[in-house]
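Enquirer: from the sequence below, what's the structure:
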Amino acid sequence: GQYGQTSVALPQDAAIAAPSGGPYNDADLTAGFPRSTRQGRPGLALEILRKFCLVAGAAEADTRLTAFDRALLHAGIGNVNLLKVSSILPPHAKEENHPHITPGLLVPTAYGAITSEHPGELIAAAVAVGIGDPGEYGVIMEFSGRVSREKAEDAVRGMVEEAFSYRERHLARVLVRGVEYRVERIGCALAACVLWS
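Expert: Numbering: from 1, shown residues only. Next up, the predicted model:
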């Protein structure tokens, strides 16, 4: 597919437990980064993310990778390490202005990106967040393709509507952010939902 998948294998004897030794509760999850109680090994970072913002950027460069990097910079997230996440916005998450994040940090991000080496080609990316009833989780969808910004935004809006429909949930509003770019040499368009606590 268009997006690569990455899996991480934990050692067979690794265990994730709350500081109390039992299952996690909300207090454990909001306390930061729990650690395994077995052999002092670090556990998974189970932090509830309370803020999000939508960003988009597009850029030109000499290679596919540097075009992607410049698009990240244009979107304002080029100096952090993106941790790609899937499609759920945590309950109670609030939309904020663009975050000022320390360079080098791991930042959970749902994003769609496209890179093209065809001069004159129009490319676009868009991201949408569906917000339901107060206190419920939302849904994030992303899209990229050889289309206009308008078509990319329509596509993600439709995906959010479909996702809420088959979850049989009320959709209160949809937030959308997109970008389009006409390639000169090697161009990239990217749209993302950035999550932080």
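Enquirer: what's the first-to-last distance across stretch 99-106?
Expert: Distance between the two ends of stretch 99-106: 13 Å, counting by C-alpha to C-alpha, to the nearest Å.
Enquirer: that one: how far from the chain's middle?
Expert: Centre-to-centre, stretch 99-106 and its host chain are 14 Å apart (C-alpha atoms, centre = their mean, to the nearest Å).
Enquirer: secondary structure class for residue 160?
Expert: Under DSSP: H, G, I helix; E, B strand; the rest coil, residue 160 falls in the helix class.
Enquirer: so what's it up against?
Expert: Residues in contact with residue 160, defined by C-beta atoms under 8 Å, 6 or more residues apart in numbering, are 128, 129, 130, 139, 141, 171, 174. Where you see a C-beta, it was placed from the backbone N, CA and C, and this is true even at glycine.
Enquirer: output stretch 138-156 as PDB, nothing but the C-alphas.
Expert: Below are the C-alpha coordinates for stretch 138-156, written out as PDB (Å, rounded to 0.1, in the frame of the first residue of the first chain):
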ATOM      1  CA  GLY A 138     -13.000  11.500  17.500                       C
ATOM      2  CA  VAL A 139     -11.800  10.000  14.200                       C
ATOM      3  CA  ILE A 140      -8.800  11.200  12.100                       C
ATOM      4  CA  MET A 141      -8.500  10.500   8.400                       C
ATOM      5  CA  GLU A 142      -5.800  11.500   6.000                       C
ATOM      6  CA  PHE A 143      -5.500  11.400   2.200                       C
ATOM      7  CA  SER A 144      -2.900  12.300  -0.500                       C
ATOM      8  CA  GLY A 145      -3.000  12.000  -4.200                       C
ATOM      9  CA  ARG A 146      -2.700  13.500  -7.700                       C
ATOM     10  CA  VAL A 147      -5.700  15.800  -7.200                       C
ATOM     11  CA  SER A 148      -6.500  19.300  -6.200                       C
ATOM     12  CA  ARG A 149      -6.700  20.500  -2.600                       C
ATOM     13  CA  GLU A 150     -10.500  20.700  -2.900                       C
ATOM     14  CA  LYS A 151     -10.800  17.100  -4.000                       C
ATOM     15  CA  ALA A 152      -8.400  15.900  -1.300                       C
ATOM     16  CA  GLU A 153     -10.400  17.800   1.400                       C
ATOM     17  CA  ASP A 154     -13.600  16.400   0.000                       C
ATOM     18  CA  ALA A 155     -12.100  12.900   0.200                       C
ATOM     19  CA  VAL A 156     -11.100  13.100   3.900                       C
END
